[in-house]
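> below are the sequence and a predicted model for it; my questions follow.
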Amino acid sequence: MLLGSEENAVYMTVNRKALLNAIIGSAAFWVPSVILHALRGADFSLLHWGLLGFMELFSTLAAFLTLCLALRVAAASRVCALLMLLGIWVLGPSWMFISFTFDEGGFAKSWAWLGVLTATVLFPIVTPLMSFYDGSLMGLLITTAVLGLAALELPPILAKRKPESTPRIGS
């Protein structure tokens, strides 16, 4: 396969779109947290946790529905949901380091880049732990469930199957 072949161009375009969907998903989810932390700083309270959970969910759903309308293909919307989830989870530590910077943590520390690299590599463990301290855990869990359901092909799963007839012994 040549480097400039048509197949390679299509593959690169698909990868760019996938990366863009992941980045859009992570930005839609984490930007409300960054904005709220920038506005409130150290005055972050329990009320902000609930507000943040709903803001993250609704902004992510708005981005997902916008992308689905742009794609207009059901199979593509399922892939889009998975890519958005991947972006939310993998890029979450980076976004939370940005949020923590407003409270004299995150990138205000000398070890921040090493922390971001380590947290990104260990994202399945670190993202929910950091989101608890960020106030985003409720939003992360609910959004993960909603996008996870959107990624499933529900009509075949929910379709009623006819029970197979089993032959009776002795009939």
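Arrived safely, thanks for sending. All figures in this text were calculated on a predicted structure; none of them were measured in a lab.

> show me what the longest helix belonging to the chain is packed up against.
The longest helix of the chain (DSSP state H) is helix 6-40. Packed against helix 6-40 by the contact rule (3 or more CB pairs under 8 Å, 6 or more residues apart in numbering; DSSP states H and E) you find helix 46-71, helix 74-101, helix 137-151. Heads up, the C-betas are built off the backbone N, CA and C, glycines and all.

> export those to TSV and tack on mean neighbour count and mean pLDDT?
Listed next are the helices and strands packed on helix 6-40 as TSV, based on neighbours: other CB atoms under 10 Å; pLDDT from 0 to 100:
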stretch	mean neighbour count	mean pLDDT
helix 46-71	16	87
helix 74-101	20	89
helix 137-151	18	93
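
> now these in CSV, with distance to Ser33?
Below are these laid out as CSV (distance: least, CB to CB, whole Å):
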stretch, distance to Ser33
helix 46-71, 6
helix 74-101, 5
helix 137-151, 8
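
> only the buried residues of the longest helix of the chain, if you could.
By 16 or more other CB atoms under 10 Å, the buried positions in helix 6-40 come out as 18, 21-22, 24-34, 36-37.

> now it against helix 46-71, angle please.
160 degrees (axes from the mean of the first three to the mean of the last three CA atoms, to 10 degrees).

> before we move on, back to that, out of the helices and strands packed on helix 6-40, which gets nearest to Lys109?
helix 74-101 (8.7 Å; CB to CB).

> same for the helix or strand following that closest one, what does it pack against?
Toward the C-terminus, helix 74-101 is succeeded by helix 112-121 as the next helix or strand (DSSP states H and E). Helix 112-121 is packed against helix 74-101, helix 123-134, with contacts defined by 3+ CB pairs under 8 Å, 6+ apart.

> list just the one of those that sits closest to Ala151.
helix 74-101 (4.1 Å).

> between the closest one and helix 137-151, how many degrees?
Going by the same axes, to 10 degrees, helix 74-101 makes 170 degrees with helix 137-151.

> okay, buried residues for stretch 108-128 please.
Neighbour-count burial for stretch 108-128 [16+ other CB under 10 Å]: 112, 115-116, 119-120, 123, 126-128.

> make a markdown table out of those residues and add distance to Gly92.
Shown next, in a markdown table, are these (distance: CB to CB, whole Å):
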| residue | distance to Gly92 |
| --- | --- |
| Ala112 | 15 |
| Gly115 | 13 |
| Val116 | 11 |
| Ala119 | 8 |
| Thr120 | 9 |
| Phe123 | 7 |
| Val126 | 8 |
| Thr127 | 4 |
| Pro128 | 9 |
